[in-house]
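**Student:** kindly generate the corresponding structure for this input.
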Amino acid sequence: MPAKASESVKVKRVEQRTEGGLPVQSWSGLLQSLRTICRNTCRMKDDPQGPSFVVEMAATDLQRRVFELLGLYPAA
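**Tutor:** Predicted structure coming up:
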């Protein structure tokens, strides 16, 4: 006899959200989401020897939670 889905699983299927409110993801979807984080070191084109600056993409709630679970980001 097949296992029956719990109420929380049924809710996740309908709402497509975890209990924490994050979107339900497949493994490949999660990796795709994590790929969007980047940090670029930039320099002005007209002054290649001048000072540089860093531009960082802000992590989404999902990305931040993944990194918290991996111990790579301080917990909120």
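**Student:** which stretches of the protein have low pLDDT?
**Tutor:** Within the chain, the ranges that satisfy pLDDT under 70 run 75-76.
**Student:** any idea which residue sits dead centre in it?
**Tutor:** The geometric centre of the chain, computed from its C-alpha atoms, lies nearest to residue 63 (C-alpha atoms, centre = their mean), at 1.8 Å.
**Student:** now the helices for the chain?
**Tutor:** All helices of the chain, identified by DSSP state H, fall at 7-15, 27-34, 61-69.
**Student:** those helices into JSON lines, with extra columns for distance to residue 42?
**Tutor:** For glycine as for every other residue, the C-beta is placed from the backbone atoms N, C-alpha and C. As requested, the helices of the chain are exported to JSON lines (distance: least, C-beta to C-beta, whole Å):
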{"stretch": "helix 7-15", "distance to residue 42": "40"}
{"stretch": "helix 27-34", "distance to residue 42": "22"}
{"stretch": "helix 61-69", "distance to residue 42": "22"}
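**Student:** which of the ones you listed sits most buried?
**Tutor:** helix 61-69 (a mean of 16; mean count of other C-beta atoms under 10 Å).
**Student:** contact partners of that helix?
**Tutor:** For helix 61-69, the surrounding residues in contact (C-beta atoms under 8 Å, 6 or more residues apart in numbering) are 20, 22-23, 25, 30, 33-34, 36-37, 59, 73-76.
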